[in-house]
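Novice: Here you go, sequence then predicted model.
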Amino acid sequence: MKKETQIVFILKQLKEKGQISRNLCLNNFISRLGARMCDLKNEGLVYTTERLNGDYLYKIKGQKRLLKILLNS
């Protein structure tokens, strides 16, 4: 999966659910979620990270508008 496609998948999940997990990404052939989240952080996305039952969960912090902008660009 191309980097741009990975970011679109991640952004859609964050917009719809407000969070994304490493295991969900691995099931969708995205093995570098941490790297893609770092790319999004550089674009201004603010999120929290937590470890939950051996999985990593990334949750956005009230930035639905930014997600819409990033998805449209």
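Specialist: Everything's here; your move.

Novice: any idea how far the residue positioned nearest the centre of the chain lies from E43?
Specialist: Central residue check for the chain by C-alpha atoms, centre = their mean: the C-alpha nearest the mean position is that of I10, 4.0 Å away. Computed as C-beta to C-beta, to the nearest Å, the I10 to E43 distance reads 12 Å. For every residue, glycine as well, the C-beta is placed using N, CA and C.

Novice: what kind of secondary structure is L57 in?
Specialist: Three-state call for L57 (DSSP: H, G, I helix; E, B strand; the rest coil): strand.

Novice: In the protein, which helix is the longest?
Specialist: Looking across the chain with DSSP state H, the single longest helix is helix 3-17.

Novice: Restrict that one to CA atoms and write it as PDB.
Specialist: Provided in PDB are the C-alpha atoms of helix 3-17 (Å, rounded to 0.1, in the frame of the first residue of the first chain):
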ATOM      1  CA  LYS A   3       2.200   5.900   1.800                       C
ATOM      2  CA  GLU A   4      -0.600   8.300   0.600                       C
ATOM      3  CA  THR A   5      -3.100   5.500   0.600                       C
ATOM      4  CA  GLN A   6      -2.100   4.600   4.100                       C
ATOM      5  CA  ILE A   7      -2.500   8.100   5.400                       C
ATOM      6  CA  VAL A   8      -6.000   8.300   3.800                       C
ATOM      7  CA  PHE A   9      -7.000   5.100   5.400                       C
ATOM      8  CA  ILE A  10      -5.700   6.300   8.800                       C
ATOM      9  CA  LEU A  11      -7.400   9.700   8.400                       C
ATOM     10  CA  LYS A  12     -10.700   8.100   7.600                       C
ATOM     11  CA  GLN A  13     -10.600   5.900  10.600                       C
ATOM     12  CA  LEU A  14      -9.600   8.800  12.800                       C
ATOM     13  CA  LYS A  15     -12.500  10.900  11.400                       C
ATOM     14  CA  GLU A  16     -15.100   8.200  11.700                       C
ATOM     15  CA  LYS A  17     -14.000   6.600  15.100                       C
END
